[in-house]
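K.L.:
Next one to model:
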Amino acid sequence: MNKKLLAHKIAEFSGRIFEIEKIIPVSGGSINASYQIVGGKQRYFIKLNDADLLSMFEAEYAGLEALYSTQTVSVPQPLLSGVVDDRSFLLLTFVEFGSNTAQSAQSLGEQLAELHRLEQPFFGWHRDNTIGSTVQKNSARTDWLVFWQDQRLGFQLELALRNGYGCRLQQSGQALKEIMAVFFTDYQPMPSLLHGDLWAGNVAVDKMGLPIIFDPACYYGDRETDMAMTELFGGFSAGFYSAYNASFELDAGYCVRKNLYNLYHILNHLNLFGAGYLNQAQNLIDQLLAEVK
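P.N.:
Numbering: from 1, shown residues only. As a prediction, the model looks like this:
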């Protein structure tokens, strides 16, 4: 990447002279290359990818901007996105991480509940984005059940069929899609702004001990989908869940619906990473179908 051109773009944006002195690799992501950029007393975080993936960064910018504007849970402030040479980039404020504490976990639960309480106008979003590197469809709907059937479960099943996962997965997946309404008999979700990819790897604490979330795949949907994903891949602390429920208690049916919502992410992992996730996806479908027998 042309460092002088990038520095010029940053200076133009910030209104301050900026020269890149150091570019320090930052580990953690598998999709993008990430770095800390240092120049004088200024530090930024930048993600890089191919130029034709700029729309992915533009969608992430929009998600961070939406979360930032709520002034609930903290996120890195999005600053600039664009293309330099043959690389697209997303520039964010640099956050120096600290250590998790019981208080930071409690604060995250309270702040996430505050975010979820802000009712939104529809299900979906104003644009599509990505979940990992998979397209995430977000066409606006007023009916949550239709949205989830078509743009979440149905979309991932179609991808799985294209990727060679047919037969039983498709038969049982379509059966689940058809009877999904049974899980919403006594529950009408409201549209909340969601992080959309809220697993433990996308949560940290800054040097002041305050929780911060990043790498969103935002849309408006049932808050239970965010909470369900926090239980995947290791889960969050008991203090987080206690604080969330004390602030905004989850419905009793969440214990079943969370499997429906996490099925979306497991199917996405199946489509991204292969057959190692096939049994987990099938088991979740079987558990959900068994609930209505």
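K.L.:
quick one, domains of the protein?
P.N.:
If the domains of the chain are taken from automatic domain parsing, they occupy 3-93, 102-290, with pieces of a single domain joined by a plus sign.
K.L.:
so how far is the first one off the chain centroid?
P.N.:
Read that as domain 3-93. Using C-alpha atoms, centre = their mean, to the nearest Å, the mean C-alpha position of domain 3-93 is found 18 Å from that of the whole chain.
K.L.:
can you check the last one too?
P.N.:
Distance of domain 102-290 from its chain centroid, counting by C-alpha atoms, centre = their mean, is 9 Å.
K.L.:
and it, how far apart are its ends?
P.N.:
Length of domain 102-290, first residue to last, C-alpha to C-alpha, to the nearest Å: 37 Å.
K.L.:
Averaging pLDDT over each of the domains of the chain, report the lowest-scoring one.
P.N.:
When mean pLDDT is averaged over each of those, domain 3-93 scores lowest at a mean of 93.
K.L.:
So residue 43, which state does it fall into?
P.N.:
strand (DSSP: H, G, I helix; E, B strand; the rest coil).
K.L.:
Next, please give the residue ranges for the strands of the stretch 51-200 of the chain.
P.N.:
Across the stretch 51-200 of the chain, reading from the start of the chain, the strands by DSSP state E, counting those that start in this stretch fall at 78-84, 87-93, 129-131, 134-136, 192-194.
K.L.:
Name the residues of the first one that are buried.
P.N.:
Within strand 78-84, the residues that qualify as buried by neighbour count (16 or more other C-beta atoms under 10 Å) are 78, 79, 80, 81, 82, 84. (C-beta placed from N, C-alpha, C; glycine too.)
K.L.:
and what of the second one?
P.N.:
Buried residues in strand 87-93, counted by 16+ other C-beta under 10 Å: 87, 88, 89, 90, 91, 92.
K.L.:
ok, and what's touching that strand?
P.N.:
Under the contact criterion C-beta atoms under 8 Å, 6 or more residues apart in numbering, strand 87-93 has outside partners 1, 6, 10, 13, 44-54, 56-57, 60-61, 64, 76-83.
K.L.:
what sits against residue 280?
P.N.:
Shown in contact with residue 280 (C-beta under 8 Å, 6+ apart): residue 266.
K.L.:
so where does it fall, helix or strand?
P.N.:
Here residue 280 sits within helix 278-290, counting by DSSP states H and E.
K.L.:
before we move on, back to that, just the domains of the chain: most buried one?
P.N.:
The highest average neighbour count among the domains of the chain, using mean count of other C-beta atoms under 10 Å, belongs to domain 102-290 at a mean of 18.
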